[in-house]
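Novice: Fold the stuff below for me.
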Amino acid sequence: MGASQTNTIGASRSVTVGTAQSHQIGADDSWTVAANQSVDVGANQSFKIGGAHASEIGKGRNAKIAEDDATDVGGSRALKIAKGSLVQVGEDGAIKVGKTLIIEAGDAITITCGSAAIAMKKDGTINISGKDISVSGSGKINVKASSDITMKG
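Specialist: As a prediction, the model looks like this:
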């Protein structure tokens with residue numbers, strides 16, 4: 001074709017290709033789907049984007065990954081969540097920061113491991129508790145134990 005081509009189909013259209021199909025477009029490509037779209041890939045799928053990528057989703061998003069997932073970001077990364085967030089790790093987990101890590105909560109932070117816990121509240125109250133030790137203090141320091149208390153100073 002020398003210039004433009006326009007196809008108008010009044011109802012449905014089906015294309016069957018026996019082996020491979022390839023598309024080459026010299027400039028822009030645009031798709032508009034008035035209702036639902038489904039893509040089913042029997043093996044692998046990859047995308048290579050030479051510039052920026054943007055996605056806008058009008059409602060919820062759900063991703064289910066059967067095996068590993070990795071993200072490599074060459075610059076900064078930001079995540080903003082309007083409501084709650086939950087991260088569950090079935091086995092080991094780690095956070096590694098090259099310089100400074102800041103953890104900030106509006107009301108309280110609690111770190112728990114078995115019977116041991118460190119709890120901090122926004123009023124300045126800090127409680128460290130465990131099997132044998134409980135220490136609280138900002139103004140006053142109270143030490144309680146079900147057995148002996150040994151203090152050295």
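Novice: For burial, what's the neighbour tally of Asn44?
Specialist: Look at Asn44: counted by other Cβ atoms under 10 Å, it has 5 neighbours. For the C-beta atoms, the positions are set from N, CA and C on the backbone; glycine is no exception.
Novice: show me what contacts Gln5?
Specialist: By Cβ atoms under 8 Å, 6 or more residues apart in numbering, no residues touch Gln5.
Novice: Can you give me the distance of it to Ala54?
Specialist: 29 Å (Cβ to Cβ, to the nearest Å).
Novice: what does Gln88 give?
Specialist: 29 Å.
Novice: swap in Ala82?
Specialist: Counting by Cβ to Cβ - Ala82 and Ala54 are separated by 19 Å.
Novice: same question, Asp28
Specialist: Counting by Cβ to Cβ, the gap from Asp28 to Ala54 is 15 Å.
Novice: Any stretches of the chain with poor pLDDT?
Specialist: Residue ranges of the chain with pLDDT under 70: 1, 134-138, 153.
Novice: how about the strands in it?
Specialist: For the chain, the strands defined by DSSP state E cover 108-113, 116-121, 126-129, 134-137, 141-143.
Novice: export those strands to TSV and tack on mean neighbour count?
Specialist: What follows is those, written out as TSV (neighbours: other Cβ atoms under 10 Å):
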stretch	mean neighbour count
strand 108-113	11
strand 116-121	15
strand 126-129	15
strand 134-137	14
strand 141-143	9
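Novice: Serialize those strands to CSV and add fields for distance to Ala35.
Specialist: Putting these into CSV (distance: least, Cβ to Cβ, whole Å) gives the following:
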stretch, distance to Ala35
strand 108-113, 47
strand 116-121, 51
strand 126-129, 56
strand 134-137, 60
strand 141-143, 65
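Novice: which stretch among those comes nearest Asp69?
Specialist: The closest of the strands of the chain to Asp69 is strand 108-113. By Cβ to Cβ, the value is 26.3 Å.
Novice: If I take the closest one and strand 116-121, what angle do their directions form?
Specialist: 180 degrees (axes from the mean of the first three to the mean of the last three Cα atoms, to 10 degrees).
Novice: what lines up beside strand 108-113 in the sheet?
Specialist: Strand 108-113 pairs in its sheet with strand 116-121 (antiparallel), by DSSP bridges.
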